[in-house]
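Colleague: Quick one, structure for this:
(one chain, ligands or ions: 1)
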Amino acid sequence: MTTERTLSIIKPDAVKKNIIGKILQRFEDNGLKIVEARMQSLTKEKAKEFYKIHSARPFFNDLVSFITSGPILILVLEGENAIEKNRKIMGATDPKKAEKGTIRADFAESIDANAVHGSDGQDTAKGEIAFFFKN
Ligand code: CMP
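Modeller: Have a look, this model is predicted:
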């Protein structure tokens with residue numbers, strides 16, 4: 001077991017639904033600490049840079065439009081196996097395939113409006129945290 005940090009984003013759909021508190025509660029209930037938090041609206045430029053790994057995918061333009069459609073809450077979560085733990089708490093990317101009791105199964109509408117983002121590995125977590133939190 002190792003203490004890790006991971007990047008989490010509460011996306012515009014969840015912010016609009018006023019369920020930030022419910023989502024944060026799930027992180028805390030599962031032993032993840034919120035060690036950084038910032039609410040902001042991303043510019044298209046910043047969104048394209050953040051999601052550049054997906055730039056060749058057919059859904060890229062929709063993804064950028066969606067993530068810039070309203071404010072998001074950007075978080076760093078810390079805890080034992082935080083990266084994998086957060087992915088379990090979130091559930092599958094497509095809410096239709098997400099396990100019951102996960103954030104996406106309970107709160108998300110579609111694969112685009114899927115409530116949360118979470119880093120998918122150690123290198124990604126490091127890069128994504130540095131992308132938003134310079135220190
Ligand atoms: P996220 O974890 O933020 O990473 C990239 C996002 O692209 C993903 O969540 C989804 O919201 C979105 N997306 C849309 N279509 C797809 C798809 N077919 N496969 C993966 N991600 C998709």
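Colleague: Need the pLDDT of the residue nearest the centre of the chain.
Modeller: Centroid check for the chain by Cα atoms, centre = their mean gives His117 as the closest residue, at 2.0 Å. What the model reports as pLDDT for His117 is 98.
Colleague: Could you confirm it falls within a strand?
Modeller: Yes - applying DSSP: H, G, I helix; E, B strand; the rest coil, one finds His117 inside a strand.
Colleague: got a list of contacts for stretch 77-97?
Modeller: Residues outside stretch 77-97 that contact it (Cβ atoms under 8 Å, 6 or more residues apart in numbering): 1-8, 26-27, 30-35, 98-99, 102-105, 108-111, 114-116, 118-122, 125. (Each C-beta comes from the backbone N, C-alpha and C, glycine too.)
Colleague: switch to 6 Å and redo it
Modeller: Defining contact as Cβ atoms under 6 Å, 6 or more residues apart in numbering, one finds that stretch 77-97 is touched by 1, 4-6, 8, 26-27, 30-33, 35, 98-99, 102-105, 108, 111, 114, 116, 118-119, 125.
Colleague: Make a PyMOL selection of the buried ones in the residues you listed.
Modeller: Only the buried entries of the contacts of stretch 77-97 go into this PyMOL selection, using 16 or more other Cβ atoms under 10 Å:
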select buried, resi 4+5+6+8+26+27+32+98+102+103+104+105+108+111+114+116+118+119+125
